[in-house]
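J.: Structure of the sequence below:
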Amino acid sequence: MREIRTEGIICVKDKMGFEYELSRIQYIEREDETYEYIFIPNYNVMDLLPKNIFQGIPGLNLDLRKERYVRENMTPVFISERTPSAHREDVWELLAMYDMEYLNRLEWLIRTDMRYSGDPLYVKRYIPGEYQIEIDLSDRVGKEKNYTKVMVTVLVEICKGNNLIIDEIRITDANRKQMHRMLMTIYEKAKTDIKERQKEGIEKAKQKHKYKGRTPIEIDIVKMDEVFSKFSKRVISEAEAVKQLGVSKSTFYRRLKKYNSIND
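T.: Down below sits the predicted model:
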């Protein structure tokens, strides 16, 4: 029997922007109009996340730790609450927006950049050969001099659920949670330190250039006395006085006020 298969990965991002690949999701539609949705959770990635970021996949009892959750001829809650139904009035307009000729609700969820308001979960396309694989990072890590970038590289793959080889070190599901916690703690500390140093640098720059009002413009005292005297006696106009001293009008009057207070 002919069938159409669509596959995605349910993801979420943490506060640092790392993406966690939580579960594969498959939609199989057959020519006799029967269909099923299959969820294949990655518990070892889910267990990395705190409750304030990931509370579960709606409609699934993940406490059962099933290898697969199957929904035959019914649309699971995860799909129904974040995709348009076939009875929606503007469904064809929505499909046209994403270049779709018929309603495949998982495909629509993969293509759209819209987000469900109830949780931060989203779905991206599943690509064979790029999900839960083993990666040797020895060369890449060995050549990188920036250790923060090294941590990011490793954390990205840990959060995806990939197994890693770094020289003699192996990161698998057996030690994924411990490595994630350790590297994330170091990375967050490094980010905080960078922000603090940047803040300190900005403050030092401000202090270096800090002054009350503007930096006084150097003006020849003899010339200043002459110009202020002429201006006070109305020998020269305001415009002429400002021009002769080479300052702005506000600076001229600020200096004139100080000059008058000294000479009163």
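J.: shaky segments in the stretch 101-250 of the chain?
T.: 208-222 (pLDDT under 70).
J.: Okay, now stretch 168-187: how far is its last residue from its first?
T.: For stretch 168-187, the first and last residues are 22 Å from each other (C-alpha to C-alpha, to the nearest Å).
J.: which other residues reach that stretch?
T.: Applying C-beta atoms under 8 Å, 6 or more residues apart in numbering, the contact partners of stretch 168-187 are 16, 44-45, 47-48, 148, 151-152, 154-155, 157-159, 161, 163-164. Heads up, the C-betas are built off the backbone N, CA and C, glycines and all.
J.: From those, which land in helices?
T.: Of the contacts of stretch 168-187, the ones assigned to helices by DSSP state H are 44-45, 148, 151-152, 154-155, 157-159.
J.: coming back round to it: restricted to buried residues, select the contacts of stretch 168-187 in ChimeraX.
T.: ChimeraX command restricting the contacts of stretch 168-187 to the buried ones, with burial defined by 16 or more other C-beta atoms under 10 Å:
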select :44,45,48,151,152,154,155,157,158,159,161,163,164
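J.: Looking at the contacts of stretch 168-187, spot the one nearest residue 238.
T.: residue 148 (58.4 Å; C-beta to C-beta).
J.: from memory the closest one sits against residue 188, does it?
T.: No - look at residue 148 against residue 188 with C-beta atoms under 8 Å: they stay out of range, at 11.2 Å.
J.: Please compute how far whatever helix or strand residue 182 lives in lies from its chain's middle.
T.: For residue 182, the host element (DSSP states H and E) is helix 176-208. Mean C-alpha position of helix 176-208 versus that of the full chain (C-alpha atoms, centre = their mean, to the nearest Å) differs by 16 Å.
J.: how many degrees apart are that helix and helix 147-160 in direction?
T.: Between the axes of helix 176-208 and helix 147-160, defined by axes from the mean of the first three to the mean of the last three C-alpha atoms, to 10 degrees, the angle is 140 degrees.
J.: Residue 12 and residue 121 touch, don't they?
T.: Yes - using C-beta under 8 Å, residue 12 is in contact with residue 121, at 5.4 Å.
J.: overlap in contacts of those two?
T.: Listed as contacting both residue 12 and residue 121 by C-beta under 8 Å, 6+ apart are residue 22.
J.: separation between residue 192 and residue 17?
T.: 15 Å (C-beta to C-beta, to the nearest Å).
J.: picking up where we left off before, of all pairs in the ones in helices among the contacts of stretch 168-187, which one is the farthest apart?
T.: Using C-beta to C-beta for every pair in the ones in helices among the contacts of stretch 168-187, the one that comes out farthest apart is 44 and 148, at 25.0 Å.
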